[in-house]
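In: Would you be able to build a 3D model of this:
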Amino acid sequence: MKKVKIQIKCKDGILFPVELVQVLQDIMEEGKRKYQNDDWKRGSQKYHIAHSEIHFMTEYFGFSDNKSEDHLKHAFTRLGLALSIREGWNK
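Out: Numbers count the residues shown, from 1 in each chain. A predicted model of the protein is given here:
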């Protein structure tokens with residue numbers, strides 16, 4: 001079976017892999033199972049940035065023995081949540 005590569009083209013012509021969107025969806029679905037629906041909206045922009053930093057540092061320095069959590073994906077998602085709050089997309 002041939003694997004198809006899908007990319008999303010932004011208005012300025014920059015392409016990025018659709019897998020980035022899938023990462024956000026997967027982590028958000030994981031969070032929805034773990035926490036109350038839309039719980040992320042209660043956190044502030046700084047809250048999500050701080051949690052992103054924790055995930056990044058854990059990934060970068062290998063602080064955690066918990067291999068079941070992909071810390072880089074969680075850091076990416078937390079930054080997206082911080083941006084959503086800043087831009088008002090969480091309304």
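
In: Ala50 - how many residues pack around it?
Out: Ala50: 13 surrounding residues under other Cβ atoms under 10 Å. The way it works is simple: take the backbone N, C-alpha and C, and place the C-beta from them, glycine included.

In: average pLDDT for the helix or strand hosting it?
Out: Using DSSP states H and E, Ala50 maps to helix 45-61. If you average the pLDDT over helix 45-61, you get 95.

In: What number of residues are in the vicinity of Ser84?
Out: 16.

In: What of Phe63?
Out: Phe63: 11 neighbours (other Cβ under 10 Å).

In: And the closest residue in space to it that isn't next to it in sequence, how far from Asp26?
Out: Among residues not flanking Phe63 along the chain, Met57 sits closest, at 6.6 Å (Cβ to Cβ, 6 or more residues apart in numbering). Distance, Met57 to Asp26, using Cβ to Cβ, to the nearest Å: 22 Å.

In: dump the residue contacts of the spatially closest residue to Arg86 that is not a sequence neighbour.
Out: Nearest non-adjacent residue to Arg86, counting by Cβ to Cβ, 6+ apart: Gln45, 5.1 Å away. Contacts for Gln45 (Cβ atoms under 8 Å, 6 or more residues apart in numbering) come out as Ala82, Ile85, Arg86.

In: Since that was my last question, I'll sign off now.
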